[in-house]
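Q: Generate a structure from the sequence data that follows.
(one chain, ligands or ions: 2)
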Amino acid sequence: MKVLVVGNGGREHALSWRFQQSPHVEQVYCAPSNPGMKNVINIDITDFEELADFAIAEGIDLVVPGPEAPLCVGIVDVFRTKGLKIFGPNKKAAQLEGSKSYAKDFMNRHAIPTAEAGHFNNEADALTYIQEKGAPIVVKADGLAAGKGVTVAQSIEEAEQAVKDCFEGSFGDAGYEVVIEECLIGEEASILAFVDGKTIKPLASSQDHKAVGEGDTGPNTGGMGAYSPAPVVDEALWKTVDQLVLQPFLKGVQDDGLDFRGIIYAGIMVTEKGPKVLEFNVRFGDPETQAVLFRMESCLAEAMLASVNQELADFNFAWSSDPAVCVVLASGGYPASYEKGFEITGIDEAEAATGAVVFHAGTSIIDGKLVNTGGRVLGVTAKGKDLREAVDTAYAAVDRIHWEGAFCRRDIAHKAFDR
Ligand code: AMP
Ligand code: GLY
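A: Ligands and ions are numbered 1, 2, ... in the order given. Take a look at the predicted model:
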């Protein structure tokens, strides 16, 4: 089959890499892609009509949008109207990620455990709620804010400042409505599951590292590394998550009449009172995907087609028992401002010497040289017979890659080792 991947991050590079290895996939096209991806299509990906026409002309069998942005503005609706098979929720269902208050209402309506929250569209009421509840407390811009719209405030003053930032436009339109919620304590895990409207099937568990600094310190980022499986999700927890989150999610989708044939990503906090959902995303996690797909032995394209065709019940996922880890190499200064344009060296050598795979995220070719142009630049991903071997291999590859200012966290998977 022919597959079109839409997006240009590390996640999309990993998706296209996994597709390329499938005997069922004859060709993978990528738009807009990045320097790590092959078969680049030169089409403005915000022009859904043109992209869909290309897919029809080329006989594409499966379209896979990576990021949330095209899903939230309705890429699935346009492609389905044109008779194309596309993996993802339609625009209405994508609000589960696009609007935190929509997601909160969905969870409350369908009894999915989550933090208690209030929803406000004016500053004064938001500030009163914070005074009532006290700190610690979490302030979230309602709309999409590229992972930066959440403040876990340790003091009332910090929470008040976060509310003011939202209403002063720090997150653009995303911030004029805020969700303020109870601060949950526990260990986080990423639960990804395929859904076809009739069936829900989880992928292997994983854990992200959102903070920029070792020991989970400093500001939040898009994710500095991930590993799979996450030992916090043991068999008992899987059972609870299935009972309390996945099955109610599926029933909620059915009861609300949502067209959701794609992947749901539940960020969960494993609290003393059991798992609670921090957020839903309607796409693959980045960098969790790099680690999870490294372990997938079944055909990703077939799994996606089964979801789109509502035949997921007949599909069985198979996983390597070897753990995988992805270490993100970032530009000096990230997640604040950073310098771009430094030449990146050592990728080929790192891959050849260690067997790791280096997924591109924030790279470009300028004047014939590979340079850093994003905050998160590369996802160095490796597998091992145990987690220690996977981690050591990933860092052995990391140590062969250079550009000015490059840094990574040296403690990816520390929670698994701490156990
Ligand atoms: P979100 O974009 O909603 O996943 O939030 C980003 C990060 O903020 C999460 O991965 C958590 O680390 C943290 N966070 C979000 N909501 C809460 C909460 N209610 N309690 C504690 N931490 C939270
Ligand atoms: N790794 C976090 C996310 O993809 O949202």
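
Q: tell me how far the strand of greatest length in the chain is from the chain's mean position?
A: The residue-count maximum for a strand in the chain (DSSP state E) belongs to strand 260-271. Put simply, strand 260-271 sits 10 Å off its chain's centre (C-alpha atoms, centre = their mean, to the nearest Å).

Q: what's the answer for stretch 45-55, then?
A: Centroid separation for stretch 45-55 versus its chain: 23 Å, with C-alpha atoms, centre = their mean.

Q: what do you get for stretch 243-253?
A: On C-alpha atoms, centre = their mean, the centre of stretch 243-253 falls 20 Å from the chain's centre.

Q: again, but for stretch 331-344
A: A distance of 22 Å separates the centroid of the chain from that of stretch 331-344, by C-alpha atoms, centre = their mean.

Q: picking up where we left off before, and the longest strand of the chain, average pLDDT?
A: Strand 260-271 comes out with an average pLDDT of 98.

Q: is it true that residue 2 touches residue 22?
A: No. Using C-beta atoms under 8 Å, residue 2 is not in contact with residue 22, being 11.8 Å away. All C-beta atoms are positioned from the backbone trio N, CA, C, and that covers glycine.

Q: Could you say which helix or strand holds the nearest residue to residue 363 once chain neighbours are set aside?
A: Nearest residue to residue 363, sequence neighbours excluded (C-beta to C-beta, 6 or more residues apart in numbering): residue 35, at 5.1 Å. Per DSSP states H and E, residue 35 falls between elements, in no helix or strand.

Q: re earlier: between strand 260-271 and the helix or strand following the longest strand of the chain, find me the angle.
A: Note on strand 260-271: by DSSP H and E, the next helix or strand toward the C-terminus is strand 274-281. Interaxial angle, strand 274-281 versus strand 260-271 (axes from the mean of the first three to the mean of the last three C-alpha atoms, to 10 degrees): 140 degrees.

Q: So for whatever helix or strand comes next after strand 274-281, mean pLDDT?
A: For strand 274-281, the succeeding helix or strand toward the C-terminus, using DSSP H and E, is helix 288-295. The predicted model assigns helix 288-295 a mean pLDDT of 98.

Q: sorry, back to before: count the residues that sit near the residue nearest to residue 363.
A: Residue 35: 17 surrounding residues under other C-beta atoms under 10 Å.

Q: cool, and residue 367?
A: 7.

Q: Next: residue 272.
A: Neighbours of residue 272 using other C-beta under 10 Å come to 7.

Q: Please report how far it lies from residue 184.
A: Between residue 272 and residue 184 the distance is 10 Å, computed by C-beta to C-beta, to the nearest Å.

Q: what's the answer for residue 32, then?
A: 37 Å.

Q: ok so, going back, going by neighbour count, list what's buried in the longest strand of the chain.
A: Neighbour-count burial for strand 260-271 flags 260, 261, 262, 263, 264, 265, 266, 267, 268, 269, 270 (criterion: 16 or more other C-beta atoms under 10 Å).

Q: Quick check: of those, which lies closest to residue 235?
A: Closest approach between the buried residues of strand 260-271 and residue 235, by C-beta to C-beta: residue 270, at 13.8 Å.

Q: thought that closest one was touching residue 185?
A: No. Judged on C-beta under 8 Å, residue 270 makes no contact with residue 185 at a distance of 9.9 Å.

Q: Do you know the pLDDT at the closest residue to ligand 2 within the stretch 251-400 of the chain?
A: The nearest approach of the stretch 251-400 of the chain to ligand 2 comes at residue 285, 3.6 Å away (C-beta to the nearest ligand atom). The score at residue 285 is 97. That number is its pLDDT.
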